[in-house]
Structures are given as structure tokens and as C-alpha cells.
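Chemist: Here is a sequence together with a model predicted from it:
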Amino acid sequence: MSEPAPIASSAASPAQAQAPAPGPGAAAAPGADATPLLELRGIAAGYGSMQVLWDIDLSVAAGECVVILGANGAGKSTLLRVALGLVPAMQGSVWLRGEDVSQLRTDRRVARGIGFMTEVGVFPELSVRENLLLGAYRLGAKQARANLERTYAAFPLTAQFRSRPAGSLSGGQRKLVGVAKVLMGDPSLVVMDEPSSGLSPVAVHEVVEVLRGVEQSDVSLLIAEQNTAFLGLAQRAIVIEGGHRRFEGTVDALRDDAALKRAYFGIE
Amino acid sequence: MPNVAAGASGQRATSAQIWRRRAIDLASVLVPTVLFALARTVDSNLLLLVSIMVYVVLAQGVNVIYGFTGYLPFGYVGFFGAGAYGAYVAVAHLGANAVEATALGGVAAVLVGVVLIPLLRLRGAYFAIASLAAALALSSIVSNPAVTSVTNGPYGADLTRVFSSGGSYWTAVVIVALAMVSVVALRRSRLGLLLRAVRADQVSASCAGVNVVAARTGAWLLSALLAGLAGAVYAWSISVFYPTAVFDTTISLFAIVFALFGGVGTVLGPVVGAVVLYYVYNAIGVNDPQYFQLIFGVVIVIIALFLPGGLAALALGARRRLGARRGLGGAQPVGGSDVR
């Protein structure tokens, strides 16, 4: 993959000059612990001999929402998969609360408080209730049952359709069940891969509103998206293009960047 | 947790529902077990009854590994043969009695399963072929004249010293009960849910915190245990056998087709499939094997084309239609339902 010319750089952004974005290892959200919840350092990754990511740094602080923006094939999902241990990094390391977890299996990383919502979000063949119970698998049966009642109350949809196969629900309902499933595990950080995928604008709005509630409950969010609707949730954003980080900074700085506005907001 | 909306109280399963579920589970174990226990009063051919029970157990073993994890074990007969020869070695060299030998046959199959754990890295056709190759290799090892002092090599195994048609029959009944308990427990347990999640999408399962490797290995070894016990009790019931008899790949094929015909992923489907098709085999296949092979081929084609869920899917469809007729909406649960 050839290296495209940068659209924007954080150093070139005036807005960022005023509000510099925290880099890896730096403190991020006000009042947050100095150690980032999740930190990716110098990640290079790919599939076989095909490299799709080059030297990506990323951090998410406690209580923070970070959106990874990029077009199809930019490497967003791969980056999330590296964070979860689903794709091995060619270079770089993954840190959770200051612990290097680069060599840990996915389930061990999940046990340390990461919840991952894939693009599909649910197990379509399993019932909604079974999906939710799987979300709390690591917590044990008793805690899972307690969280199930809490989830039924917080997401009435899950109670209403609890015996239905998740695959029989609409796309928007599936995403909400997917969010509820991830939250069943009491994660500190929820990582989401394209939550807007396949959804109507109305359903996207609904998912965004649910995530706003999640954010207010001090759960950190890391969302890979093409849809800029999710920027409303974020304190910071990074833009990936062709496997390279083209921007990192506050959402305001992103909105002020003329090149990025053209590329992602369609605004001249 | 966002407070999206309040309410939804009273959504827990009522105690009546819980007791109903437990009663169904108990019936799923007891009904086949009691029917097989009583079968000798109707049919005095104990060898036939033991053979049917052996195939019920094998079909349930396939159910565990294929129905819950998606691994199709064409070499499943390897565990069966290991169980048979494990029992022989226990009797011939360890001085075990027949019941102990049956248990040790199960252990032998589990040990073979442990050795073959690396096969679980493969998926789909690769796993199916590799498991078949492993079974053939095991058969070659057991029948090798170089190990005659252990397995009696190609000259066959003799268990007539412990032969007891009644003893093997009742032991087979117990093993059927064990197989039924295993599958019911899998259906209800967190492990069963976990295995179905792994089968549906192992990446998503690992993202839910599931140790996918451990889950698959657990199902694999349970499946091996069931086949080993079945092989051991079969060896006990026939007393004299050769490697070609207990490592015959037709055994794998029968077990897989019986399970698929009844419905994998269900509790009773493989039982019904094994009983129905083995009786058909016994009625036709022994004297006119060519006709049975024809019927068997047609059954496989019908399953593949029209009935991927087996007889259990037919039963579920009928229940749905009945529910719709009663005004219950028809769209009743599939995933977590009580489809038996």
C-alpha cells in the first residue's frame, strides 16, 4: 500500500495549537487518571504480507470518548482488532491501565475491562437473553443474572424481545441489543466497530442517544466510524487514511480543519 | 448503564416456568433411559438393543461436537475404536472387570482426544479430513503386528472371559443416561451457551470474554468420552472383534447421519434419528445392504436439501403453526427455546 499525502496534521491545526491533543501516555480528560485506560503505541499491523496500518498511536482516558474516523479500508477496524488482540501487531504495543497486554489473548483483555461490539453486534442465532448473558460471561452466573435484570430495566427492548433470536430483530434493535450486551459485562471501556453500519438515520440517532447515556455513566468509548454523527459524543477524534494517522485532536479542531471538512463533512 | 427507560419488571422467569423447564429436562433424560431399560421386555435381541443404544450415544457425541461447536468429525470412529481397544487392554492386561474396562475404554478415548487437540486448530473440511486421517492412523497402529503383545494386532481382541449380555445391556442403558444428562446439561449450562456462541462466531465469542480454545477442547473431550464408552460397551457386548470392525468409517458416517436426521443441537433429535434409522438398517441393511445404501443416500440428500435442521426442525415448525393457530403469534423463540 502506498503512502498517501497527508490531509492534515495535528501540528498544523490552529485549534489544536490552542488545545493540544494528548498523545500516548499523556493525561487526557480533565480529572482523569494520569494513566490512560487504553494506549496503543506505534502500532503497525496487517494481514499476512499486506500491511494496513503504520505507526499508529492512540490513547483513551477514563471517562473519555474517542472516535476513529476514516473511509472504508482505512484501517479503523484493524486498529480496533489489534487493541483487542484479534489481529497481532507487527510492531508496537497495547497497554491497558499501564499494563502491557500485547501478548494477552482476547478473552484476557476483555477480562481486564474492555467490551467490544463488533459490526454485527450480536449472535443472530441466539436469543436476546442468551446474548445478554454472554455479555456478562466473565462475571459469573450470579452477577450475570443481576446484570440481566438491570439491563431489562434500562433497555426495555431487551426484556420485550428476550426470547426472540437476535437475528430476527431490525438492524437498529440489534445494535441496541449489542450495546446492552457489551454493557452487561460492566466494562470500563467499550470499543465499537461501525455502530452505524446498515442503520437508517433515525436508528443512528437512537444509537447515538443511547451511547450518550453510556458516556454519562463514566464508561469510556472508543468508536470506529465513517458516520460523523458520532463525533457529537467525542472529546477527541483521530482520522486514519490509508493506514496512517492523519489527524489527532479535539473534535472542534477537526471541524475547523478545512481539508477534513471537505473529506468527511462534505462542506466547502 | 444508561437509564434509557424504566420498567420491565416482572420479566424474570416465574417459578412455574423454571419447574416446567426442570421437568422437561428430567423427562428428556428419563424417558429414553427408561424406554431402553424396558425394551428387553419387548425385544429379546439384546445385541440389537445394545447396538441401537451405542448409536444413540455416538449420535449424541456427534451432537456435542458438531451441534454445539460446528466441528464435523468424520474420524469420530477413532474414539469408538480407542474405547473398544481400551476395554480390551484393561481386561487382558490390567485384569479389570467388564464395568471397569468400559470406564477405562472411555478414558482411553479421552487420552486419544487429548493427543488430537491440535486438530481443533483446523476448521470445516480440513478438520473433517484430518480427523478421518487420524482415525485411520489409529486403526493402523492398533492393528499393526508389532503391537500384537498389547492389542493382539490384526488377530482380533477377545473379551469372552467377561462376556455378559445382560451386563453389557444394563451398562449401555447407564451410558445412554449419561449421554442424555451430558446433552441436557450442555443445553442448559453456561458452557453450552458458550459453545453455541463459539459455533456462531468465535471471534465475537472471544470478544465476550470466552476462552474459545478451552470451550472447544471441553466439548471435544466430552464427545471423545461418549464415543469411548460406546466403543467399550459395544466391544463387551460382541466379545470378539477385529480392528476393522471397530475402526470402520461407516460407524462415523452412521453417527453423523443419525444425528443430522434427528436434529443436531437438540436433546432428543439424535435419539430419534438413531433409533429410527438403525431399525431401518437392521430391517433392510443386513440382508439387502444395497437397498439400505440407496435409502441412506436418499436420506442424506433429503437432509442436505430440505431438512438441515432434521426431524427436530419439523417438530418446531409444527409447534409454531400450532401456536399461531392458537393465536400466540407464531414467531416463538428459537435460540433459547425448549426445542428438545
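Modeler: Received, thanks.
Chemist: For residue 213, report the pLDDT, please.
Modeler: Picking chain A for this. Reading off the confidence values, A:G213 has pLDDT 86.
Chemist: meant chain B actually
Modeler: pLDDT for B:V213: 86.
Chemist: again with A:Y137
Modeler: At A:Y137, pLDDT is 84.
Chemist: list the contacts for it?
Modeler: A:Y137 makes contact with A:144, A:185, B:190, B:194, B:208-210 under the criterion CB atoms under 8 Å, 6 or more residues apart in numbering or on different chains. All C-beta atoms are positioned from the backbone trio N, CA, C, and that covers glycine.
Chemist: One more pass at 10 Å, please.
Modeler: The contact partners of A:Y137, by CB atoms under 10 Å, 6 or more residues apart in numbering or on different chains, come to A:107, A:110-111, A:144, A:184-185, B:190, B:193-194, B:197, B:205, B:208-211.
Chemist: Helices of the stretch 1-150 of chain B, residue ranges please.
Modeler: Using DSSP state H, counting those that start in this stretch, the helices of the stretch 1-150 of chain B run over residues B:15-39, B:46-62, B:77-94, B:98-115, B:124-142, B:148-151.
Chemist: now the stretch 1-150 of chain A
Modeler: Using DSSP H, counting those that start in this stretch, helices in the stretch 1-150 of chain A cover A:14-18, A:76-84, A:106-111, A:128-135, A:141-154.
Chemist: any idea which of those helices scores lowest on pLDDT?
Modeler: The bottom spot among those, by mean pLDDT, belongs to helix A:14-18, with a mean of 33.
Chemist: circling back: let's have the helices of the stretch 1-150 of chain A in a markdown table, adding distance to B:V110 and mean neighbour count.
Modeler: Shown next, in a markdown table, are those (distance: least, CB to CB, whole Å; neighbours: other CB atoms under 10 Å in any protein chain shown):
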| stretch | distance to B:V110 | mean neighbour count |
| --- | --- | --- |
| helix A:14-18 | 61 | 14 |
| helix A:76-84 | 33 | 25 |
| helix A:106-111 | 24 | 21 |
| helix A:128-135 | 28 | 28 |
| helix A:141-154 | 26 | 18 |
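Chemist: Now those helices in CSV, please, with extra columns for distance to A:S59.
Modeler: As requested, the helices of the stretch 1-150 of chain A are arranged in CSV below (distance: least, CB to CB, whole Å):
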stretch, distance to A:S59
helix A:14-18, 15
helix A:76-84, 11
helix A:106-111, 16
helix A:128-135, 25
helix A:141-154, 28
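Chemist: Dump the ones you listed to a markdown table, plus distance to chain B.
Modeler: Formatted as a markdown table, the helices of the stretch 1-150 of chain A follow (distance: least, CB to the nearest CB, whole Å):
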| stretch | distance to chain B |
| --- | --- |
| helix A:14-18 | 30 |
| helix A:76-84 | 6 |
| helix A:106-111 | 4 |
| helix A:128-135 | 5 |
| helix A:141-154 | 4 |
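Chemist: circling back to that earlier point, which of the contacts of A:Y137 has the largest number of neighbours?
Modeler: Neighbour counts for the contacts of A:Y137 peak at B:A208, which has 29 neighbours (criterion: other CB atoms under 10 Å in any protein chain shown).
Chemist: what's the closest non-adjacent residue to it?
Modeler: Nearest non-adjacent residue to B:A208, counting by CB to CB, 6 or more residues apart in numbering or on different chains: A:L134, 4.7 Å away.
Chemist: Assess the claim that the one you found and B:S206 are in contact.
Modeler: No: using CB atoms under 10 Å, A:L134 is not in contact with B:S206; the gap is 11.2 Å.
Chemist: can you pull the buried residues of stretch A:50-57?
Modeler: For stretch A:50-57, burial by neighbour count (16 or more other CB atoms under 10 Å in any protein chain shown) applies to A:51-54, A:56-57.
Chemist: cool, and stretch B:267-286?
Modeler: B:267-275, B:277-278, B:281, B:284-285.
Chemist: Against B:A16, how distant is the residue lying closest to B:A200 once chain neighbours are set aside?
Modeler: Counting by CB to CB, 6+ apart, B:A200 lies nearest to A:F123, which is 4.6 Å off, once chain neighbours are set aside. Distance of A:F123 to B:A16, computed by CB to CB, to the nearest Å: 28 Å.
Chemist: Counting neighbours, go ahead and name the busier of these two.
Modeler: Counted by other CB under 10 Å, A:F123 and B:A16 do not tie: A:F123 has more neighbours, with 28 against 8.
Chemist: List the contacts of that one.
Modeler: A:F123 touches A:130-131, A:134, A:165-167, A:177-178, A:181, B:193, B:196-201, B:204-205, B:208, B:335, counting by CB under 10 Å, 6+ apart.
Chemist: Inside helices: which ones of the residues you listed?
Modeler: The helices, defined by DSSP state H, take in A:130-131, A:134, A:177-178, A:181, B:193, B:196-200, B:204-205 from the contacts of A:F123.
Chemist: where does the stretch 151-300 of chain B come near chain A, residue by residue?
Modeler: Selection of the stretch 151-300 of chain B residues close to chain A by CB under 10 Å from any CB of the partner chain yields B:189-190, B:192-194, B:196-201, B:203-215, B:265.
Chemist: where does residue 49 land on pLDDT?
Modeler: Unless you meant another one, I'm taking chain A. Value for A:S49, per-residue pLDDT: 87.
Chemist: I was after chain B.
Modeler: Per the predicted model, pLDDT is 95 at B:L49.
Chemist: count of neighbours near it?
Modeler: B:L49 sits with 20 neighbouring residues when counted by other CB under 10 Å.
Chemist: now swap in B:L305 and tell me
Modeler: Counted by other CB under 10 Å, the residues lying close to B:L305 total 8.
Chemist: again with the one 3 residues further on
Modeler: Residues near B:P308, counting by other CB under 10 Å, number 11.
Chemist: so the longest helix along chain B versus helix B:46-62, what angle?
Modeler: The longest helix of chain B (DSSP H) is helix B:212-238. Orientation check (axes from the mean of the first three to the mean of the last three CA atoms, to 10 degrees): helix B:212-238 against helix B:46-62 gives 170 degrees.
Chemist: Wasn't B:A304 part of a helix?
Modeler: Yes: with DSSP: H, G, I helix; E, B strand; the rest coil as the criterion, B:A304 is part of a helix.
Chemist: My read is that it contacts B:I256, right?
Modeler: No: using CB under 10 Å, B:A304 makes no contact with B:I256, being 12.0 Å away.
Chemist: For the stretch 1-150 of chain A, which segments count as strands?
Modeler: Remark: strands assigned in the stretch 1-150 of chain A by DSSP state E, counting those that start in this stretch are A:38-47, A:50-60, A:65-69, A:89-96, A:99-100, A:114-117.
Chemist: so can I have a markdown table of these showing distance to chain B?
Modeler: Formatted as a markdown table, the strands of the stretch 1-150 of chain A follow (distance: least, CB to the nearest CB, whole Å):
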| stretch | distance to chain B |
| --- | --- |
| strand A:38-47 | 14 |
| strand A:50-60 | 17 |
| strand A:65-69 | 13 |
| strand A:89-96 | 14 |
| strand A:99-100 | 17 |
| strand A:114-117 | 4 |
